[in-house]
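1. return atomic coordinates for the entry below.
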Amino acid sequence: MNAPNPIPQALYQALRNRKPFSSLSDPQYSHLMSSAQMQVAAPGEVLIRQGDNDRDLLVLLTGELEVRRTYENTRGVRELDVGRLLPGEMAGEFALLMGISHQATVHAISASQLLRVDGELMEELLAWSQCFVGELSDVAKVRARMNLVRETGPFRSLPLERVMEAFGRMKAVDMDVGTDVVRQGDEGDSYYIIEQGQVEVWQTDPLTDKSSCVAKRGPGEAFGEEALLLGGYRNATVTMATAGRLLVLHKDDFDQMVKPFMLVEVQAEKARTMIEALQARPLDCRYDFEFKESHLPDALHMPLDSLRERLTALDPDQEYIVYCRSGRRSAAAAFLLQERGFRAYSLVGGVRDWPYALAGK
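-> The predicted structure is shown next:
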């Protein structure tokens with residue numbers, strides 16, 4: 001394939017106004033076109049071979065293509081179907097080839113110019129763009145909300161159908177300024193995504209009973225996962241700093257649709273192999289005094305309660321084996337890391353069940 005060339009602005013605009021591209025939002029269309037490639041094909045050049053796994057969408061600008069497809073008829077006999085693709089007769093027209101079977105071969109009959117578009121990405125964007133449309137009156141608002149969810153935390157790496165199902169179970173809740181969304185010490189029952197507004201995260205020191213604001217978060221950010229993953233209580237109070245709107249996913253739905261895809265655990269033997277092969281770095285998410293007592297050799301130390309604020313110190317290209325005493329805190333820490341694009345695994349059993357050498361006092 002030829003090296004990528006910039007898409008001419010006239011073609012970019014022309015495709016934007018034609019289906020299926022017109023069904024996408026502006027950010028979706030821009031994302032799709034950022035990976036598209038212009039190509040010039042010589043006569044006889046094969047563009048797609050039978051059996052190829054990847055199926056691009058081809059936009060033919062000039063020239064002529066032949067599509068040869070083999071299939072099995074009703075009598076069980078394999079036959080050959082040959083078709084041709086030509087752009088329109090008027091200048092500036094083009095032809096689309098979308099439904100290319102794995103049993104087809106496409107080659108250029110004459111010198112041709114075309115645009116190749118990622119077919120899998122196109123399908124995903126179209127599905128995401130169209131879900132729930134027609135069932136809801138404010139389509140633009142719903143699409144904006146769905147796109148926000150799609151780009152938030154764990155949903156970036158979940159299968160599209162799982163994201164759509166979770167979105168369908170979320171409730172949008174308007175919140176007044178000063179409202180405590182969750183309170184420190186309460187049992188965790190929901191996961192929250194900020195659609196509009198700002199929140200402040202407050203923690204109370206159990207020794208001094210003084211509260212301080214430890215973080216501020218805005219649209220596209222999420223909170224509430226720690227208590228759900230730990231099966232325990234909120235470690236902070238989250239208060240609306242402004243009026244806003246939150247998308248709320250109940251714990252049962254979170255456990256069913258998000259947690260299984262994000263929480264990746266590893267046994268001690270496998271973890272040691274990965275660490276010794278320098279495939280992963282151990283990361284201790286316990287408190288300071290626990291880490292000083294004993295820890296895995298060469299482990300980084302980032303307590304769970306300060307992990308969010310210290311993520312910039314981590315290498316995004318490094319894999320991490322996250323551990324705690326028993327595996328519960330590390331599950332939440334590994335989830336937080338994966339939520340932000342890191343590759344992280346939770347060590348089953350933590351240091352409590354680690355059968356190998358430890359460092360420390």
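2. find the nearest non-adjacent residue to residue 66, please.
-> Once flanking residues are discounted, residue 66 sits nearest to residue 109: 5.2 Å by C-beta to C-beta, 6 or more residues apart in numbering. To be clear about C-beta, it is placed using only N, CA and C from the backbone, and glycine gets the same treatment.
3. give the contact list for that neighbour.
-> By C-beta atoms under 8 Å, 6 or more residues apart in numbering, residue 109 lies in contact with 43, 63, 64, 65, 66, 84.
4. so what does it have for phi and psi?
-> phi -80, psi -40 (degrees, to the nearest 10).
5. picking that back up, scan the contacts of residue 109 and report the most crowded one.
-> Comparing the contacts of residue 109 by number of neighbours (other C-beta atoms under 10 Å), residue 65 comes first, having 23 neighbours.
6. need the nearest residue in space to that residue, chain neighbours excluded.
-> Of all residues not flanking residue 65 in the chain, residue 85 sits nearest, at 4.4 Å (C-beta to C-beta, 6+ apart).
7. residue 316 falls within a helix, correct?
-> No - the assignment for residue 316, made by DSSP: H, G, I helix; E, B strand; the rest coil, is coil rather than a helix.
8. low-confidence ranges in this structure?
-> Residue ranges of the chain with pLDDT under 70: 1-5, 53-55, 71-83, 88-92, 98-103, 127-140, 361.
9. show me it divided up by domain.
-> 9-124, 133-260, 263-360 (automatic domain parsing).
10. tell me the most buried of those domains?
-> Of the domains of the chain, the one with the most neighbours on average (mean count of other C-beta atoms under 10 Å) is domain 263-360, at a mean of 18.
11. where exactly do the strands run in the stretch 101-250 of the chain?
-> Ranges of strands within the stretch 101-250 of the chain are 104-108, 112-117, 171-175, 180-182, 190-196, 199-204, 211-217, 222-223, 237-240, 244-250, based on DSSP state E, counting those that start in this stretch.
12. residue 342 is nearest to which of the ones you listed?
-> strand 222-223 (15.5 Å; C-beta to C-beta).
13. can you give the strand pairings for that closest one, parallel or anti for each?
-> According to DSSP bridges, strand 222-223 forms sheet pairs with strand 190-196 (antiparallel).
14. between the strands of the stretch 101-250 of the chain, which gets nearest to residue 302?
-> Closest approach to residue 302 among the strands of the stretch 101-250 of the chain is made by strand 211-217 (15.0 Å; C-beta to C-beta).
15. so which elements touch the closest one?
-> In this structure, strand 211-217 makes packing contacts with strand 199-204, judged by 3 or more C-beta pairs under 8 Å, 6 or more residues apart in numbering; DSSP states H and E.
16. pull the residues that contact the strand it packs on.
-> If you take C-beta under 8 Å, 6+ apart as the criterion, strand 199-204 is touched by 181, 184, 210-218, 223, 235-241, 244, 305.
17. angle of that strand against strand 190-196?
-> With axes from the mean of the first three to the mean of the last three C-alpha atoms, to 10 degrees defining the directions, strand 199-204 sits at 140 degrees from strand 190-196.
18. can you give me the angle strand 199-204 makes with strand 171-175?
-> For strand 199-204 against strand 171-175, the angle by the same axes, to 10 degrees is 80 degrees.
19. much appreciated, bye for now.
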